[in-house]
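Colleague: build me a structure from this.
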Amino acid sequence: MLTFDLITEARHRITSRIHRTPVMTSRQFNEATGKEVFFKCENFQRAGAFKIRGATNKILSLTPEEKQQGIVAFSSGNHAQAVALAGREAGVRVLVAMPEDAPAAKVAATRGYGAEIVFYDRHKQDREAFALDLAERERLIMVPPYDDYLILAGQGTCGLELLEEVPDLDCVLTPCSGGGLFAGVASAAKSLNQKIRCFPVEPETGDDTRQSFLKGERVSIPPPSTIADGLRVQIPGKLTFPITQKLAEDVLTVTDDEIIATLRFLLFRMKILVETSGATAAAAVMFHKLPADVKRVGVVLSGGNIDPDLLQSIINS
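Modeller: The predicted model follows:
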């Protein structure tokens, strides 16, 4: 199970290898939304995203024998970079399965951290099955992006830091892909403040979690088309979805246009560079998706690894 003790253990394990990222505010954003918003800036995290938390916790928890075997991961970018960096620092061989259409900047960064990359076709191949086959053939240890309690506990340290700094929040929002960040942050937040309201946010065209939440069981969708490249998961995680069911008040969605408008606001008004996936939770606040009675809001800006060509097109739009 994902417990508060597991999250606090993760914090002690990884604290020397990650950044305690800043919590920032913006008077202009507050005026635009009618809320008091506190941004947990994981775009300033090592490897550019929150993923280093879970990856580091998982890898440091491996036995010496498992570290000798090496590890494998599957990811469109941020988890890949995090596993590559954490694996390098632990002296472990890292093999990463990435989709052929992964952002070039994330592929380059993953290679730059020393990982080996094997590509797959996200439209024809199941990424987890592809990676599991690699793990079996190469005798490697799987480091999944979210369906692992040590990964979830690592992500929970983000929520722990946010609530320690701003304990009297009405609610907290995170971007939602497989659900690992939300599960970790919401678990930490609810442990520290039982009354806090928790909302995962995903793209309107990639709403597998919302569909699953409404139906009461995990729903699989076709490969989604969205500008939020890190949120193209087709089904919520086996471990994360029950946590979402238990802790989420609702699952919010935003359009690609809303994500772009919010990213531009963060960049030009607040001088913060956030990737498209990382801006989804902020977009839900910017475009008034929250209940009216919510006033003090915690938002996780989950990453800043935006593709330069995409950024250029957004700037010019």
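
Colleague: give me phi/psi at Thr174?
Modeller: When read as degrees, to the nearest 10, the backbone of Thr174 gives phi -140, psi 150.

Colleague: make that Arg139, sorry
Modeller: Per-residue torsions, Arg139: phi 60, psi 50 (degrees, to the nearest 10).

Colleague: give me the pLDDT for it.
Modeller: Per-residue confidence (pLDDT) for Arg139: 94.

Colleague: now it. Nearest residue, chain neighbours left out?
Modeller: Gln69 (5.7 Å; Cβ to Cβ, 6 or more residues apart in numbering). Every residue, glycine included, has its C-beta placed from N, CA and C.

Colleague: over to Leu263?
Modeller: Leu263 sits nearest to Ala279 (Cβ to Cβ, 6+ apart), 4.5 Å away.

Colleague: which residues of this structure fall in helices?
Modeller: 4-14, 27-33, 51-60, 64-69, 78-89, 104-112, 127-138, 149-165, 180-192, 208-215, 240-247, 256-268, 280-286, 308-316 (DSSP state H).

Colleague: if we can go back for a sec, burial measure for the residue nearest to Arg139, as a count.
Modeller: For Gln69, the neighbour count with other Cβ atoms under 10 Å is 16.

Colleague: show me the contacts for it.
Modeller: 139-141 (Cβ atoms under 8 Å, 6 or more residues apart in numbering).

Colleague: any chance of CSV for those residues, columns neighbour count and distance to Ala248?
Modeller: As requested, the contacts of Gln69 are exported to CSV (neighbours: other Cβ atoms under 10 Å; distance: Cβ to Cβ, whole Å):
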residue, neighbour count, distance to Ala248
Arg139, 9, 38
Leu140, 21, 33
Ile141, 19, 31
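
Colleague: out of these, flag the one nearest to Ile18.
Modeller: Checking the contacts of Gln69 against Ile18 with Cβ to Cβ, the nearest one is Ile141 at 21.0 Å.

Colleague: beta partners for the closest one?
Modeller: Ile71 (DSSP bridges).

Colleague: my guess is it contacts Ile71. True?
Modeller: Yes - proximity of Ile141 to Ile71 meets the contact threshold set by Cβ atoms under 8 Å, at 4.9 Å.

Colleague: need the overlap of contacts for those two.
Modeller: With Cβ under 8 Å, 6+ apart as the test, Ile141 and Ile71 both reach Leu62.

Colleague: pLDDT below threshold where in this structure?
Modeller: Under the criterion pLDDT under 70, no range of the chain is flagged.

Colleague: how far does stretch 264-272 stretch from start to finish?
Modeller: 9 Å (Cα to Cα, to the nearest Å).

Colleague: which residue packs closest to Gly156, ignoring adjacent ones?
Modeller: Nearest non-adjacent residue to Gly156 (Cβ to Cβ, 6+ apart): Gly184, at 3.4 Å.

Colleague: what is the neighbour count of that neighbour?
Modeller: By other Cβ under 10 Å, the residues close to Gly184 number 32.

Colleague: hang on, the earlier thing: would you agree the residue nearest to Leu263 is in contact with Leu301?
Modeller: Yes - between Ala279 and Leu301 there is a contact under Cβ under 8 Å: 7.0 Å.

Colleague: more neighbours, these two?
Modeller: Ala279 (34 against 29).

Colleague: list the residues that contact that one.
Modeller: Residues near Ala279 by Cβ under 8 Å, 6+ apart: 259, 262-263, 266, 301.

Colleague: and if we set it to 6 Å?
Modeller: 259, 262-263 (Cβ atoms under 6 Å, 6 or more residues apart in numbering).

Colleague: from Thr3, how far out is it?
Modeller: Taking Cβ to Cβ, to the nearest Å as the measure, Ala279 falls 31 Å from Thr3.

Colleague: next: Ile260.
Modeller: 38 Å.

Colleague: which one of the two has more residues nearby?
Modeller: Legend: neighbour count by other Cβ under 10 Å for Ile260 and Thr3, higher for Ile260 (18 against 13).

Colleague: mind listing what the more buried one touches?
Modeller: So Ile260 contacts Ile314 (Cβ under 6 Å, 6+ apart).

Colleague: and it, how far from Ala228?
Modeller: When Ile260 is compared with Ala228 (using Cβ to Cβ), they lie 10 Å apart.

Colleague: equivalent analysis for Lys58, please.
Modeller: Relative to Ala228, Lys58 is positioned 24 Å away (Cβ to Cβ).

Colleague: equivalent analysis for Gly304, please.
Modeller: Taken as Cβ to Cβ, the span from Gly304 to Ala228 is 14 Å.

Colleague: higher neighbour count, the two?
Modeller: Ala228 (25 against 20).
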